[in-house]
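**Q** Below are the sequence and a predicted model for it; my questions follow.
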Amino acid sequence: MGAADFQTPALKEYPVIPILAQDAMAGSKPYVASEKMNEALGFPGKLVEGWREIAIAKMGELRGRYRSLRVFLDACVHCGACTDKCHYFLGTGDPKNMPVARQELLRKVYRRYFTFAGKYFPKLVGAEDLTEQVLEDWYRYFNQCSECRRCSVYCPYGIDTAELTMAAKEIMDSVGMGQKYTNEIIGKVHKIGNNLGLPGPALEDTLQTLEEEIKEDTGVDVRMPVDEAGAEVLLVTPSADFFAEPHVFSLIGYAKVFHAAGIRWTMSSHASEAGNFGLFIGNYEQMRKIAQRVREAALELGVKRIVVGECGHAWRVAYSFWNTLIGPFDFLDPRYPVPQHICELTGDLIQRGAIRLDKEANDARVVTFHDSCNVARGAGMGGIPRGQFIIPRRVVQAACNHFHDMAPEAIHENTYCCGGGGGLLTDELTELRVKGALPRMEALKAVVDEHGVNFMATICAICKAQFSKVLPYYKFDMGMIGGVHQLVGDAIRLGRND
Amino acid sequence: MSAVTIIYACLFYAATAMLVVGLAVKIAGYARTPAPLTIPTTPAPRTGAGVALRMAREVALFESLFRANKWIWLFGWLFHAALALVLFRHLRYFTEPVWAAVAIAQPFGVYAGFAMLAGLAGLWARRFLVERIRYISTYSDHLMLALLVLIAVSGLMMKYVSHTDIVAVKAFMLGLMRLDWQPLPADGPLLVHLFMVAALMAVFPASKLLHAPGIFFSPTRNQADDSREQRRLAPWAAELEQK
């Protein structure tokens, strides 16, 4: 990747709906997966002969598998409520990034082959044959959706573009049009156990180094155990936490929380990844196979609880799907929710006074919180209404003195995606990622200008990686982004608790 | 028995059959297709009662649309609420004796016809004036609006321009229901009105009007946020567990 060959959008005082810029992002396209990567997941290596018939048959099959897809293909009335809700549209102006237009890419083919009107009056209802051009459009524009579900909040029928994007990706995978970034990573998880392809010994090595660093910093022996049978808690966290910055500071934070609370915990080299990229391609079997490693690890290590680290897509899959995919969890302690989010665990310990935080430790920071889309709109927390908004903020505010939320239309369920979710966190999509971050950057700028915010906390590995990359494009310091448990780790009392 | 009567009687039987059978097939398809994963758009209610309330707000008040866009909400809600009242008022042509509630709604129902037109006009104007909505509009979107406008205009014409013998219309409708055909007055606005209504009924199950049953089956709206407590194993997913 050379220097940027695009213009970073200017930050405006208030959000403006762009004028349509036809084909503005028609050149945005992620690398296609290699034959080996596709075949490792059981997909055809490259575009297969007779792909049209196979794709149409797959569409029919998925329509029979998922009620969401079946209803969403029929129910849209083109009312336009969603047209200004997608961060990629707001950042690029490309009309095909309006959620309804993105959906239409799939729907026009559905109409042509599955509906009476589309078969006999295609022009009238906007039905179209599945041509190479259409397939090419699918590949480009379904890889410009981060499956963040913001549009589904505003659709009067709850149509969720993410469901259609996932279906489109599954169809493309079935004909050999897999996307490199996602499929390569899924292959690594199946083979090694995490997205980075970090094998067990390397993982142990990394964690040992971290233990030494904490000891140097604090003088306390805070442990980072792996594969310790008989531990109470299995922590499953995104593998970026093991070495990428700022992710690793959150991992240190979790370790300190467990240490201070006196909870015996462990990670697993078999299930050393919370992120589940099977979600991105909407493939139930892949998603289940990836999640299965967590169940296997929990059983093998004999733990009582499973806790998930700071990872947005992981939390959606864990909270919303694990019970169905890999449950029931009758072998775990029924007094705790399964799975439990690290913020639920820490929040609970803080409330009970089982751990103490010194807020002053973070006095140099003026903090805001970025709600990650999959946590905000695809999961919950704490078993209380809106818990996914309340609990992380409660933890943040217990760890710092200066906290300011961004504007209401940019947080909670209205939150804007960071611009890198859903399998788009890859370098060849940099232009899309930078432009897609625009609405979040505008909301951030407002609190930076008004309150001097200098730290944006979040609970998602993709958000952290994405913001580290795009913040500098908008003249912000990349060190502004960090984890909630980074704040906790810096504020927690490790020694005596009185 | 005039040709008009015979044609319109057949037309209504056919349109009714298409509406009922078409919708039944569609709804059965929605109902039979599993929802293998829990995907409510959160924050979502945690109980069945909460879901029912969310759905009620969505159907009666268009809650999500209100959050999305106040203009679309205004025109859309006005149109739908007016249409509901108009439809309710029209029950007087299908019931004997007329229900008390329908009789009370009668005077409001007439004004609702104008409200309906106003809503439709607003929605149609947006399809021309707002660039984004112009981009996503298809011919069928415009035709559907034209159909509804024609129904409303021809209906209002019978009230304000050229009166129709509504007693005879009622006799015709009751006759259809009792399989005892009665003559239909051959007035222009009435024939247009009835033809367009029959057309609307016929295309209902093959068009975007499926948003009406669709909303009730939309998993992002009709599921409770109970995934940690409740497994949802689709039959095809259960088969994977056997392997």
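**A** Good, I have the coordinates. Numbers count the residues shown, from 1 in each chain, chains lettered A, B, ... in the order given.
**Q** so how far is residue A:169 from residue A:182?
**A** Going from residue A:182 to residue A:169 by Cβ to Cβ, to the nearest Å gives 8 Å. Bear in mind the C-beta positions are built from the backbone N, C-alpha and C, glycine included.
**Q** list residues touching both of those two?
**A** Residues touching both residue A:182 and residue A:169 (Cβ atoms under 8 Å, 6 or more residues apart in numbering or on different chains): A:280-281, A:423.
**Q** For the most centrally placed residue in chain B, give me its contacts.
**A** In chain B, the centroid-proximal residue (Cα atoms, centre = their mean) is residue B:212; its distance is 6.0 Å. Taking Cβ under 8 Å, 6+ apart as the definition of contact, residue B:212 has no neighbours.
**Q** Okay, and it sits in which element?
**A** Using DSSP states H and E, residue B:212 sits in helix B:211-217.
**Q** my guess is residue A:482 contacts residue A:253, does it?
**A** No: between residue A:482 and residue A:253 there is no contact under Cβ atoms under 8 Å: 9.8 Å.
**Q** so residue A:419, which of the three states?
**A** Using DSSP: H, G, I helix; E, B strand; the rest coil, the three-state assignment for residue A:419 comes out as coil.
**Q** show me what contacts it?
**A** Residue A:419 touches A:87-88, A:91, A:146, A:432-438, A:440, A:466, A:470, counting by Cβ under 8 Å, 6+ apart.
**Q** in chain A, which segments are predicted with low confidence?
**A** Flagging of chain A using pLDDT under 70 yields the residue ranges A:1-4, A:496-498.
**Q** Now do the residue most central in space within it against residue A:221, distance only.
**A** Per Cα atoms, centre = their mean, the C-alpha nearest to the average position across chain A is that of residue A:313, at 3.5 Å. For residue A:313, the distance to residue A:221 equals 33 Å [Cβ to Cβ].
**Q** Please apply the same query to residue A:312.
**A** Separation of residue A:312 from residue A:221 (Cβ to Cβ): 32 Å.
**Q** quick one: which of those two has more around it?
**A** Applying other Cβ atoms under 10 Å in any protein chain shown to residue A:312 and residue A:221 shows that residue A:312 carries more neighbours, namely 29 against 10.
**Q** which residues does the more buried one contact?
**A** Residue A:312 makes contacts with A:372-375, A:421, A:459-463, as judged by Cβ under 8 Å, 6+ apart.
**Q** now, among the residues you listed, which is nearest to chain B?
**A** Among the contacts of residue A:312, residue A:375 lies closest to chain B (Cβ to the nearest Cβ), at 8.8 Å.
**Q** Check which helix or strand the closest one maps to.
**A** Going by DSSP H and E, residue A:375 is in helix A:373-378.
**Q** list the helices and strands the helix or strand where residue A:135 lies packs on?
**A** If you go by DSSP H and E, residue A:135 is part of helix A:132-141. Using 3 or more Cβ pairs under 8 Å, 6 or more residues apart in numbering or on different chains; DSSP states H and E, the elements in contact with helix A:132-141 are helix A:99-114, helix A:161-174.
**Q** and after that helix, which helix or strand comes next?
**A** Taking DSSP H and E, what comes next after helix A:132-141 is helix A:150-154.
**Q** List every C-alpha atom in that next one, with coordinates, as PDB.
**A** Below are the C-alpha coordinates for helix A:150-154, written out as PDB (Å, rounded to 0.1, in the frame of the first residue of the first chain):
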ATOM      1  CA  ARG A 150     -27.500   0.600  12.300                       C
ATOM      2  CA  CYS A 151     -30.000   0.500   9.400                       C
ATOM      3  CA  SER A 152     -32.000  -2.100  11.200                       C
ATOM      4  CA  VAL A 153     -32.700   0.200  14.100                       C
ATOM      5  CA  TYR A 154     -34.500   2.700  11.800                       C
END
